[in-house]
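Undergrad: Got a sequence here, can you model it:
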Amino acid sequence: MKLRPLEETDLEFIHELANDYSLMSYWFEEPYNSLEKLKESYRNNNSSESARRFVIVNENDMVGIVDLDYIDFIHRNCEIMLIVKPEFSGNGFAKFAFKEAVKYAFEVLNMHKVYLYVDTENEKAVRIYEKQGFKNEGVLREHFYAKGKYKDAAFMSILKSEWTENE
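TA: Here you go, the predicted model:
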């Protein structure tokens, strides 16, 4: 299993994930994105310094994606987002990808803090993040709209000093 940078040839896979309502609701995103719009966005933003996108690969299978978004080189923080295709869930891919992306954020990008938003009802994800050393900084009440209702989102983060202690 490994992470590799997103390539234009991966966009059909990303399109499949981005249009899966059950998956995109975890990112509090609307599952609506045409393949052409995705390609255009890729071409326009591929050289952007504000994001790093990786594909999770196991042998010949694309398993999921992990993004470091909203990279802020002044305040030295970024958001991490992860999706694993349901058929690959429970095999350690999320844990691996999450750990590698956080390591990349701290060791390569020299971030001070990595943060995320998670649905407070998604207990499985919250446990994964806590095991990785993320701390709950608070709950944003009814902050996102997904699956037909407003959802509370926990704001969780890890500081580089905390991550270093756990390594």
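Undergrad: Now do the helices in the protein.
TA: With DSSP state H, the ranges of helices along the chain come out as 11-18, 21-24, 35-45, 93-107, 123-131, 160-166.
Undergrad: Looking at those helices, which one is packed in the most?
TA: helix 93-107 (a mean of 20; mean count of other CB atoms under 10 Å). From N, CA and C alone the C-beta is placed, and that goes for glycine too.
Undergrad: Geometric centre of this protein: which residue is closest?
TA: Met81 (1.3 Å; CA atoms, centre = their mean).
Undergrad: so what's it up against?
TA: 27, 66-67, 69, 116 (CB atoms under 8 Å, 6 or more residues apart in numbering).
Undergrad: Most neighbours among the residues you listed, which one?
TA: Using other CB atoms under 10 Å as the neighbour test, the contacts of Met81 are led by Val66, with 25 neighbours.
Undergrad: what bridges to that one?
TA: Per DSSP bridges, the residues bridged to Val66 are Phe54, Leu82.
Undergrad: Verify the contact between it and Lys95 for me.
TA: No - using CB atoms under 8 Å, Val66 makes no contact with Lys95, being 11.3 Å away.
Undergrad: What's the mean pLDDT across stretch 40-50?
TA: Mean per-residue pLDDT for stretch 40-50: 74.
Undergrad: meant to ask about stretch 17-35
TA: Averaging pLDDT along stretch 17-35 yields 62.
Undergrad: Now do it: distance from first to last residue.
TA: Using CA to CA, to the nearest Å, one end of stretch 17-35 lies 11 Å from the other.
Undergrad: Could you do stretch 64-78 as well?
TA: With CA to CA as the measure, the ends of stretch 64-78 fall 20 Å from one another.
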